[in-house]
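Novice: this one's sequence-less:
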Ligand code: HEM
């Protein structure tokens, strides 16, 4: 989906007026979908944190001895083509149902899951929503070069996926 189209939809949904608060999330499904899709595509922590097996385990025909290090590949879940078709494309529609309501995806796991799930998930999700909605409601964002020329591939990929640096113009609405 083109950057212009996403921005148009966001401007339509957010409108002008006071900056949204967390209670507004439910009435801003498109915005929520855009923020989920940005997190999915970036996959900030692609390998989660290393684990070690506490006991010898049989898995898919292999015997893995106690102590084996395991790296859960969150990036491969977030880019799984069986769940997210054309996973390298930015498409907020993945998180919307036919009526335009926000649709949860079980495979949306940028914060991992289980006992060691990210402790800051609630805070991070709140901050992302509040910051982006406040900025997008007050400004139009424009790229000095054609948005299609910007690479969505991370500049560095390791423990974290670090996005490419790019320039952006902020114009007040
Ligand atoms: C978009 C932002 C963030 C993402 C995508 C993220 C993602 C993650 C991931 C994937 C893990 C590894 C979980 C695992 O081992 O299975 C983790 C762990 C952790 N995160 Fe975050 N995180 C974010 C922001 C934050 C913030 C803002 C805080 C604190 C205020 C935070 C605190 C922690 C802590 C303390 C752990 C270790 C939990 C444990 O091992 O028990 N994170 N995070």
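Specialist: Perfect, I can see it now. Remember, predicted model here, so these are calculated numbers, not experimental data. Numbering: from 1, shown residues only.
Novice: How about residue 46: what's its closest non-neighbour residue?
Specialist: residue 75 (3.2 Å; Cβ to Cβ, 6 or more residues apart in numbering). Every residue, glycine included, has its C-beta placed from N, CA and C.
Novice: For residue 51, list the residues it contacts.
Specialist: 69, 70, 71, 72, 116 (Cβ atoms under 8 Å, 6 or more residues apart in numbering).
Novice: Pick the one among the residues you listed closest to residue 80.
Specialist: residue 72 (13.1 Å; Cβ to Cβ).
Novice: just checking, that closest one touches residue 111?
Specialist: No - applying Cβ atoms under 8 Å, one finds residue 72 not in contact with residue 111, separated by 11.9 Å.
Novice: and the residue lying closest to residue 47 once chain neighbours are set aside, what is it in contact with?
Specialist: Nearest non-adjacent residue to residue 47, counting by Cβ to Cβ, 6+ apart: residue 71, 4.9 Å away. Counting by Cβ under 8 Å, 6+ apart, residue 71 touches 47, 48, 50, 51.
Novice: One more: residue 69?
Specialist: Applying Cβ under 8 Å, 6+ apart to residue 69 gives the contacts 50, 51, 52.
Novice: One more pass at 7 Å, please.
Specialist: Counting by Cβ atoms under 7 Å, 6 or more residues apart in numbering, residue 69 makes contact with 50, 52.
Novice: Who does it form a beta bridge with?
Specialist: Residue 69 has the following beta-bridge partners by DSSP bridges: residue 52.
Novice: What distance do you get for it to residue 87?
Specialist: Computed as Cβ to Cβ, to the nearest Å, the residue 69 to residue 87 distance reads 26 Å.
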